[in-house]
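J.: Curious how this folds, go ahead:
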Amino acid sequence: MKTVLVTGANGQLGNSLRQLSGKYPRFNFLFTDVDTLDLCNKEVVCSFVQTHAVDYIVNCAAYTAVDKAEDDIDLCTRINRDAVRYLGEAASIVGARVIHISTDYVFDGTNFRPYIETDRTCPVSVYGRTKLEGEIALQEVCTDAVIIRTAWLYSEYGNNFVKTVLRLGKERDELRFIFDQIGSPTYAGDLAIAILEVIKQGEDDAYCPGIYHFSGEGVCSWYDFTVKIIQLAGLTPRVVPIETKDYPVRAPRPHYSVLNKRKIKETYGLIIPHWEESLRNCLERLFL
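T.: Numbers count the residues shown, from 1 in each chain. This is a model prediction of the structure:
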């Protein structure tokens, strides 16, 4: 039985992997977070991976407070770059494979078509820059890693955009959301299935390292996403579209972060649901 280490297990994606892990009895899962594994300590990471004879590392851990990162550069760098390197170095020592989760923020958002994996990276925030540095660091020490860039992640776990809209929709008569930032919402449960499929196929000699893109099918703005959440939840506030300039934030966001998913679909035979279908599934779980 192969051992799969999942870091950042208390987050959205980590919890989604935990929820699905029972469907993969061929693997022994170790779910860790900051309280059980300090990823910023190189010696601790290496010892843990060796002691537990880890075969796969799924790194869901990240510093994701995008605005706060602009002033908290040191911690953001240690988590998004240094810790990723330590995991890669530990994996190389024991011959483990790393599946690392990255972000659309490695791009500047000025594209006119969905980003492919080989497009030029140009992050415009500390968060995006450190995530890109993490990708580079991992590839330097672990040549057979799988890096999956994703975007607009939400789930029934933790704090995220969908749960924020649901809360505000019950508290206010009017919601104002940006219409000139375009992307593809990604349900963490869908991404978790994709990750587990990569691992499963890896055991069937179909593992293919490299950078991949994964998000929900279809595109929308934050405004469109909000309207659909409100509709499906049966709430009644008016949703008003606004421009990015009307909602100033500390860190700039990509205006266009649609990801082309052809590579991961063709390589691993994935069928990715449309974002509206996955949103319905998430809301059904939330309202159970």
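
J.: For residue 161, which non-adjacent residue is closest in space?
T.: Nearest in space to residue 161, with sequence neighbours left out and distances taken as C-beta to C-beta, 6 or more residues apart in numbering, is residue 154 at 5.4 Å. For glycine as for every other residue, the C-beta is placed from the backbone atoms N, C-alpha and C.

J.: Which pLDDT value goes with the residue lying closest to residue 258 once chain neighbours are set aside?
T.: Excluding its sequence neighbours, the residue lying closest to residue 258 (C-beta to C-beta, 6+ apart) is residue 114, at 4.3 Å. If you check residue 114, the pLDDT there is 98.

J.: Then residue 205?
T.: At residue 205, the model reports a pLDDT of 86.

J.: quick one: what helix or strand has it in it?
T.: Using DSSP states H and E, residue 205 falls within no helix or strand.

J.: Check residue 263 too.
T.: In this assignment (DSSP H and E), residue 263 forms part of helix 262-268.

J.: Kindly format the C-alpha coordinates of that helix as CSV.
T.: In CSV, the C-alpha atoms belonging to helix 262-268 read as follows (Å, rounded to 0.1, in the frame of the first residue of the first chain):
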residue,chain,number,x,y,z
ARG,A,262,-6.7,20.7,-22.7
LYS,A,263,-3.4,19.3,-21.5
ILE,A,264,-4.6,17.7,-18.2
LYS,A,265,-7.8,16.5,-19.8
GLU,A,266,-5.9,14.7,-22.6
THR,A,267,-3.1,13.4,-20.5
TYR,A,268,-5.2,12.0,-17.7
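
J.: Show me what it packs onto, helices and strands only.
T.: When contacts are defined as 3 or more C-beta pairs under 8 Å, 6 or more residues apart in numbering; DSSP states H and E, helix 262-268 sits against helix 188-203, strand 210-213.
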